[in-house]
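>>> Provided below for reference: sequence and predicted model.
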Amino acid sequence: MKTVIGISGLYHDSAAAVVRGNDILAAAQEERFSRTKHDPRFPRLALEYCVSQAGGRDAVDAVAFYEDTVLSFDRVLKNAIESAPGTESIWPLAAASQLGQKFALPARLGAAVGPKAADNVFLVDHHTSHAASAFYPSPHDDAAIVVVDGIGEWASTTVALGKANRIESLSQISYPHSLGLLFSAFTYHCGLKVNSGEYKLMGLAPYGEPRYVQRVLDTLIDLREDGSFRLNTEYFAFMTSDTMTNEAFEAVMGCPRREPESQLTVEYMDIAASCQAIIDLAMLRISRHALKLTGSRNLCLAGGVALNCVTNGKLLKSLPEMENIWIQPAAGDAGGALGAALHVAHAAWNEPRQTGSGLRDAQKGSLLGPDYAPDTIEQALQEAGVVYHRAADTTDHVERVARALADGLIVGRFDGRMEFGPRALGNRSIIADPRRPDGQTHINLRIKFRESWRPFAPVVLDDKVSEYFEMEKESPYMLLVADVRQHLRHSVDWSNFRDGDADMMKVLNQPRSTLPSITHVDYSARVQTVDAERNPAFHQLLSRFNALTGCPVLINTSFNQRGEPIVCEPADAVRCFINTGIDVLAIGPFVVFKSEQSAEIKAQEGKIEYELD
Amino acid sequence: MSSTDDQAAAGFFAEYLLPLKRANERRGVHYFTTGADKAKDSYWEPIASRNGGIRSLNAAACDGAALIKQLGDYWTERNQVQLTRLFPALETLRQGASKPAGDDQQAVLTDFIYPLH
């Protein structure tokens, strides 16, 4: 079996992955090692990690990049010409990026992975990489594949058919027409950061009413019944500048771009809701078209837009012709590294896939990053000077942590391999009892140091999911939104919101369900199910918490503070624990209580600040 | 990117790209669409790929000069004659832009200039 390294990078979210045959050995994003959020640079550290997991450079047979750099430059150059003279100021940057870096990349890849693999450098089309990341690890023998993101070489949207170990791309929508760019434009208009604030826009939408939908359909986007679409580029600035929108866009929406970090008003909440509704509608039509075109009843998704779990949840509810949906957990550009490697394995070297009824997917719970030995963890604890305990065994450790959670404490959990993808799935997570009435505000302000209007996700035992949420299927990668069951909900008083101060905190501070910390203001929740096969240790902890409390649900949010990448190494976790209001650090076989720390350690809380995301 | 590189790129823009834009306008040539077309039933298009999604490069074909040549070949195959005329100057620009791909270079890029991606 051949061993292939995949690389994504030089735009945002650089990453590396390694596969052997159809087996995913490892995958990680550069930001976790470099500690620079969304790090776009060549993924030197992630690559080193993947090479080590492969057994060294001599074990690597090939390396694949997630983009055809030649075709990308074709688009960049043609955009510069087509949009001239407006592109005059950005062209020098484009030339440096494309000609200076991307055109030098294949040679650099060859040098980085060693002489054996240097003879087998592959360029895999961007959307083929995404499609491969969605289909090959899925458990389905055949599937309609939908890729939707900002932009690839030319494609912004692609429909493909996956069958056995082959992918056939069928049709596409091309630049500058892009749902990813449309969503980013709205993100920008609402004063949020492009390429990272899209998730916040999705979280903002439930506060608003989608009253701009028809206006957007009449002006900004022509969306057809078959899901195909075109943007009206008169309203966008991304073709010629480093901004997403222009005055014409602002005129359509009836308001200027919101100043970042300023007060959010109903106007922007309605815009967020409208944008979300447009994406929902477009993705529904595209998916329906893809299922019809391919004749499959399985749908696989990737591309940055596939991280929109609200949309994904609506697809699950609204497509009776679809039996199964599988979404690549690293659906953004980082996942392209994995897809590129898998595509070389299957398409170039004909590696077979393992699929069939009853089989899990091949993503291994997306626990594909580094893990650390107890000695390494203990060294980090000692270097930080914290007081810690070593549990007698796993049962003892689980008991201590579950009891801390049951007592209402907030736990930073660091265990096993790090997740691949933007979601923390338990191994680099902050977890807490979701029944705590002030849980959302408390974690947001004391630990995440971020806006408190964003909801937390629940993690639930897989066999209990339908008792708490309107969801019958598993959601192991936190990519599907479902409503909290009706009988658990409490009514929310919205009076004086739209016509008054639009104070989101007043809404948030009402207990919206028996699990207030994970219930959004529209009763939705971004559900993760946990099973004993993919993550037995986390399943054991949640089971014990359930036994102690009768509640099989926990808050699960990423182990970091605002602006910081999710923790990777033990030292990152210890630093985050000390710097934030986390009460307990459960790290490997160790448990650390904040209450037992010295005054000097406690005084360090809140000292480290990161650039706002 | 150094100011020298900036000047070279700006010169390339003024000397080659702007005139080509004007020539395209005269001929009615457009590389992409910019809005709705009510005459079309659907906007789905055939896949645009050089190679069916995957392309293998041997070590000798990996350097920037080889990739620029591939771009020229691609334009030739598509009969984009005006673009192929950019080729020598583009290769000169590439040589000027080439430098050791250090880890800090990416910092100059704004993170959401999509045409640069």
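Great, that's in hand.
>>> could you chop chain A up by domain?
A:1-137+A:334-362, A:139-327, A:374-602 (automatic domain parsing).
>>> okay, those domains, which one's buried deepest?
domain A:1-137+A:334-362 (a mean of 24; mean count of other Cβ atoms under 10 Å in any protein chain shown). All C-beta spots, glycine's among them, are computed from the backbone N, C-alpha and C.
>>> picking up where we left off before, got the domains of chain A as JSON lines, with distance to residue B:57 and mean pLDDT columns?
As requested, the domains of chain A are arranged in JSON lines below (distance: least, Cβ to Cβ, whole Å; pLDDT from 0 to 100):
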{"stretch": "domain A:1-137+A:334-362", "distance to residue B:57": "5", "mean pLDDT": "93"}
{"stretch": "domain A:139-327", "distance to residue B:57": "16", "mean pLDDT": "96"}
{"stretch": "domain A:374-602", "distance to residue B:57": "26", "mean pLDDT": "94"}
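>>> so where do the strands sit in the stretch 251-400 of chain A?
Using DSSP state E, counting those that start in this stretch, the strands of the stretch 251-400 of chain A run over residues A:298-302, A:324-327, A:389-390.
>>> now those strands as a markdown table including distance to chain B?
As requested, the strands of the stretch 251-400 of chain A are exported to a markdown table (distance: least, Cβ to the nearest Cβ, whole Å):
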| stretch | distance to chain B |
| --- | --- |
| strand A:298-302 | 14 |
| strand A:324-327 | 20 |
| strand A:389-390 | 38 |
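>>> let me have the ones you listed in TSV, extended by distance to residue A:268.
Listed next are the strands of the stretch 251-400 of chain A as TSV, based on distance: least, Cβ to Cβ, whole Å:
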stretch	distance to residue A:268
strand A:298-302	28
strand A:324-327	28
strand A:389-390	47
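>>> can you list the domains of chain A in JSON lines and add distance to residue A:609?
Below are those laid out as JSON lines (distance: least, Cβ to Cβ, whole Å):
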{"stretch": "domain A:1-137+A:334-362", "distance to residue A:609": "13"}
{"stretch": "domain A:139-327", "distance to residue A:609": "14"}
{"stretch": "domain A:374-602", "distance to residue A:609": "8"}
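>>> is the longest helix seen in chain B positioned near chain A?
Across chain B, the helix with the greatest residue count (assigned by DSSP state H) is helix B:64-77. Yes. Applying Cβ under 8 Å from any Cβ of the partner chain, one finds helix B:64-77 touching chain A at B:64, B:67-68, B:70-71, B:74-75.
>>> grab the most central residue of the chain for me.
Picking chain A for this. Of all residues in chain A, the one closest to the mean position by Cα atoms, centre = their mean is residue A:422, 3.4 Å from it.
>>> wrong one, I was asking about chain B
residue B:71 (7.9 Å).
>>> for the residue lying closest to that one once chain neighbours are set aside, what are its contacts?
Nearest residue to residue B:71, sequence neighbours excluded (Cβ to Cβ, 6 or more residues apart in numbering or on different chains): residue A:70, at 5.0 Å. Residues in contact with residue A:70 (Cβ atoms under 8 Å, 6 or more residues apart in numbering or on different chains) are A:123, B:50, B:67, B:70-71, B:74.
>>> quick check: which element contains residue A:70?
Element membership for residue A:70, per DSSP states H and E: helix A:69-82.
>>> then residue A:12?
Counting by DSSP H and E, residue A:12 is part of no helix or strand.
>>> in the stretch 401-550 of chain A, which spans are helices?
Assigned by DSSP state H, counting those that start in this stretch, the stretch 401-550 of chain A shows helices spanning A:439-443, A:465-468, A:504-508, A:536-549.
>>> who are the packing partners of the first one?
For helix A:439-443, the contact count by 3 or more Cβ pairs under 8 Å, 6 or more residues apart in numbering or on different chains; DSSP states H and E identifies strand A:428-432, helix A:504-508, strand A:553-558 as packing neighbours.
>>> before we move on, what about the last one?
Judged by 3+ Cβ pairs under 8 Å, 6+ apart, helix A:536-549 is in contact with helix A:394-406, strand A:457-461, strand A:524-530.
>>> ok so, going back, tell me which of the domains of chain A sits nearest to residue B:55.
Evaluated over the domains of chain A, closeness to residue B:55 peaks at domain A:1-137+A:334-362, with 4.7 Å, by Cβ to Cβ.
>>> end to end on the closest one, go ahead and measure it.
Taking Cα to Cα, to the nearest Å, the span from the opening residue of domain A:1-137+A:334-362 to its closing residue is 17 Å.
>>> just how off-centre is it within its chain?
18 Å (Cα atoms, centre = their mean, to the nearest Å).
>>> could you do stretch B:65-72 as well?
The answer for stretch B:65-72 is 11 Å, by Cα atoms, centre = their mean.
>>> ok, back up a step: tabulate the helices of the stretch 401-550 of chain A (JSON lines), appending distance to residue A:83.
Formatted as JSON lines, these follow (distance: least, Cβ to Cβ, whole Å):
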{"stretch": "helix A:439-443", "distance to residue A:83": "44"}
{"stretch": "helix A:465-468", "distance to residue A:83": "48"}
{"stretch": "helix A:504-508", "distance to residue A:83": "39"}
{"stretch": "helix A:536-549", "distance to residue A:83": "49"}
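>>> for chain B, what spans make up the helices?
In chain B, the helices defined using DSSP H lie at B:3-12, B:18-27, B:64-77, B:81-84, B:87-97.
>>> quick check: residue A:553 touching residue A:467?
No. Judged on Cβ atoms under 8 Å, residue A:553 makes no contact with residue A:467 at a distance of 9.5 Å.
>>> which single one of the contacts of residue A:70 is nearest to residue A:546?
Nearest to residue A:546 among those, with distances taken as Cβ to Cβ, is residue A:123, at 48.6 Å.
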